[in-house]
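Chemist: Need coordinates for the below:
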Amino acid sequence: MKTNDLVIGKVIKWLESEEKSFVWLAEQLGVSLFHVEYMLKGERILKSERIEQIAKIMGIKTKELVKSEVIMENQLTVKLLGSISNRRSKRELDSLLFAINDYLGLKEQTK
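Modeler: As a prediction, the model looks like this:
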């Protein structure tokens, strides 16, 4: 499952369980209702910054929002050594991790 679809599904379920509306979410995000509807129909790829913002609104960590509930057999793990020296490097690493997660989500569908 693609990360975008995974996040959308979790957000919609959360809104329903919390009895919150798309209007409420739009107000929290500072965007129009049309934008939220467009986003939650899957017609827009969610940027990592928007996913972080939604996770914060939901009161969970971004990792929890993008994590698939499906356990992958023989899942690969990557460990990075060292540290990130500046904000740009952190953003680039976050973008890379997002792309990797999205790619792996595509791989789950082909199994």
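Chemist: can we go C-alpha only for contacts and neighbour counts from here?
Modeler: Will do.
Chemist: distance between the ends of stretch 68-88?
Modeler: The stretch stretch 68-88 measures 27 Å between its terminal residues, going by C-alpha to C-alpha, to the nearest Å.
Chemist: For it, give the mean pLDDT please.
Modeler: Averaged over stretch 68-88, pLDDT sits at 67.
Chemist: Check stretch 91-102 too.
Modeler: So the average pLDDT for stretch 91-102 ends up being 80.
Chemist: Which residues does it contact?
Modeler: Applying C-alpha atoms under 8 Å, 6 or more residues apart in numbering, the external contacts of stretch 91-102 come out as 2-4, 48.
Chemist: any idea how far residue 54 is from residue 63?
Modeler: Distance from residue 63 to residue 54, by C-alpha to C-alpha: 12 Å.
Chemist: Between the two, tell me which one has more neighbours.
Modeler: Using other C-alpha atoms under 10 Å, the more surrounded residue of residue 63 and residue 54 is residue 54, with 20 against 11.
Chemist: what's the nearest residue to the more buried one if we skip its chain neighbours?
Modeler: Nearest residue to residue 54, sequence neighbours excluded (C-alpha to C-alpha, 6 or more residues apart in numbering): residue 29, at 7.6 Å.
Chemist: If I look at that neighbour, what pLDDT would I see?
Modeler: At residue 29, pLDDT is 94.
Chemist: how near is it to residue 15?
Modeler: From residue 29 to residue 15 the distance is 14 Å (C-alpha to C-alpha).
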